[in-house]
Structure formats: C-alpha cells, structure tokens
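my questions are about this predicted structure, shown below with the sequence.
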Amino acid sequence: MTPIIEARDVTRTHALRGHLVEALRGVSLDVRAGEYVAVTGPSGSGKSTLLTLLGGLERPSSGEVRVQGRSLATLDDRQLTRLRLEQVGFVFQRFHLLPVLTARENVELPMAEMRVPSTERRQRAEELLAYVGLAARSGHRPTELSGGEMQRVAIARALANRPAILLADEPTGELDMATGRAILDLFQKLNDDGMTMVVVTHDEDLAERAQRVVRMLDGRIKA
C-alpha cells in the first residue's frame, strides 16, 4: 500500500543573519494511512520544520514530499491551499483561535472557506465540539475558555473539513499535566477512529501513546 505521506531526501535551508542554516538534512519518512507517529528530539533538531513541509506550509529546498500520492512540488500556491483545507488538519501549540468569534464560529471557519452552506457548517461544528467534549461551551469566546478547552476547539477546527491527516506541533506544550493528559486521550480517540496523525512533541507521555516514534537530531532522523 502506498504511504499516505512520503518524504524523500528532504532538505530545508534558511538564511539567518547572513548565514545559511540547515534545518533538515536529507530526511526520508513514510507514514501509512491510520498510523500515529510521534516526532521527538531536542529544540532545533528540525521537528517542526519537517511538519511544515509534510503539510505543505513550506516547500523543501530539495527532495520531494508526496501526500496521498501527489507530489507537492507540482502544486501551485492555490492548489496547496486547497490541499491543506481538504486533506490536512493542523493543530498548533498556541491554538490560533480568533478572539472575537465563539468556539462554534472558530470551528466553522475552514468550512466557510470551502463554501459549505451555513446550516451545514453550524451542524458540523456543533457535532465536532460534542466529539471533543465541549458541547456546552460552543457559544463561549476563547477568553472565556481554559487552555485545554481552547486546544479542544483548535482540534475540532482542524477536523472541520474531514481531513485524511492531522498534523500537530507541540499540542500539549502550553497545558498543565492533567489537561495535557486529556488531550492525549482525545488524540488516542482520534487515531482509534482511523485518523492518520503526525505529532511533534517533547512530551514523553504523548510519544509513548503513538504507534511509532521518530527521533530527530541535527536535522536528521536518528537511526
């Protein structure tokens, strides 16, 4: 079976203060449909850079990334945006919720970009908030929610357009231990329900929940 995500000899070089920094140095990785992969390693090892390349948020300096058999190098910016809307959900450490919108309205945003009718958007958002345990908080704005609740809203938003893949970057990094465990339980539920997941983390508890752990150091995957 063809992997749902393929990275082949991927490099990423950044210019920083007049110097070139090699964030990734020839990384290759396959992720199969339904797999739950944790990517770990010290700060600066290239974990987050790899995640942004897998999701098409950045382009590699060399090498190739394929998602569901499509080479991202063949897609223009508009097509990449469409792929992210339809196929890849993102969860970040700092939630990125719009403070003027309610939890439900934040979850509706990706569907609005896909021109989903308003009645269908609202129903889907309410269903997702119930799925993540926030049915009673759908009318609350982010300032009225705890950190764990905001992350649950962000996860619901990432699932809005029924993506095939969920990518998460330090999803428990801003949370206390007890709240972080609740998010880990939710991630386990998502994977049990068939979601393909790649999660960057320093959290050893999260990594232990994954089916496979990929360890990075100095821009490379450790053997």
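The structure has been received and is ready for your questions. Residues are numbered from 1 along each chain as shown.

okay, and the helix or strand of this protein with the least pLDDT?
helix 204-209 (a mean of 89; mean pLDDT, DSSP states H and E).

what's next to it, contact-wise?
Applying CB atoms under 8 Å, 6 or more residues apart in numbering, the contact partners of helix 204-209 are 36, 38, 40, 171-172, 180-181, 184, 187-188, 199, 201, 213. In this view, the C-beta of every residue, glycine as well, is placed from N, C-alpha and C.

mind listing the helices for this protein?
Ranges of helices in the chain, per DSSP state H, are 47-54, 77-87, 103-113, 118-131, 147-158, 177-192, 204-209.

make a markdown table out of these and add distance to A15.
Putting these into a markdown table (distance: least, CB to CB, whole Å) gives the following:
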| stretch | distance to A15 |
| --- | --- |
| helix 47-54 | 14 |
| helix 77-87 | 21 |
| helix 103-113 | 31 |
| helix 118-131 | 40 |
| helix 147-158 | 31 |
| helix 177-192 | 35 |
| helix 204-209 | 32 |
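
closest one to T13 among the ones you listed?
Checking the helices of the chain against T13 by CB to CB gives helix 47-54 as the closest, at 10.2 Å.

now that closest one: buried residues?
Of the residues in helix 47-54, K47, S48, T49, L50, L51, T52, L53, L54 count as buried by neighbour count, 16 or more other CB atoms under 10 Å.

likewise for stretch 178-198?
179-184, 186-187, 190-191, 195-198.

so who does the most centrally placed residue in the chain touch?
With distances taken as CA atoms, centre = their mean, L167 lies nearest the centre of the chain, 2.2 Å away. Contact partners of L167, counting by CB under 8 Å, 6+ apart, are L51, L54, G55, V88, G89, F90, V91, M197, V198, V199.

L128 versus Q211, what's the distance?
24 Å (CB to CB, to the nearest Å).

comparing those two, which residue is more hemmed in?
L128 (24 against 12; other CB atoms under 10 Å).

quick one, what contacts the more buried one?
Contacts of L128 (CB under 8 Å, 6+ apart): V107, A156, R157, L159, A160.

the last one - how many residues pack around it?
The reference is to A160. Quick note: A160 (other CB under 10 Å) scores 23 neighbours.

which residue sits closest to it, ignoring its sequence neighbours?
P110 (4.3 Å; CB to CB, 6 or more residues apart in numbering).

okay, the buried residues of helix 47-54 in a markdown table with pLDDT and distance to D76 next?
Listed next are those as a markdown table, based on pLDDT from 0 to 100; distance: CB to CB, whole Å:
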| residue | pLDDT | distance to D76 |
| --- | --- | --- |
| K47 | 95 | 27 |
| S48 | 94 | 24 |
| T49 | 95 | 22 |
| L50 | 96 | 22 |
| L51 | 96 | 22 |
| T52 | 95 | 18 |
| L53 | 97 | 17 |
| L54 | 97 | 18 |
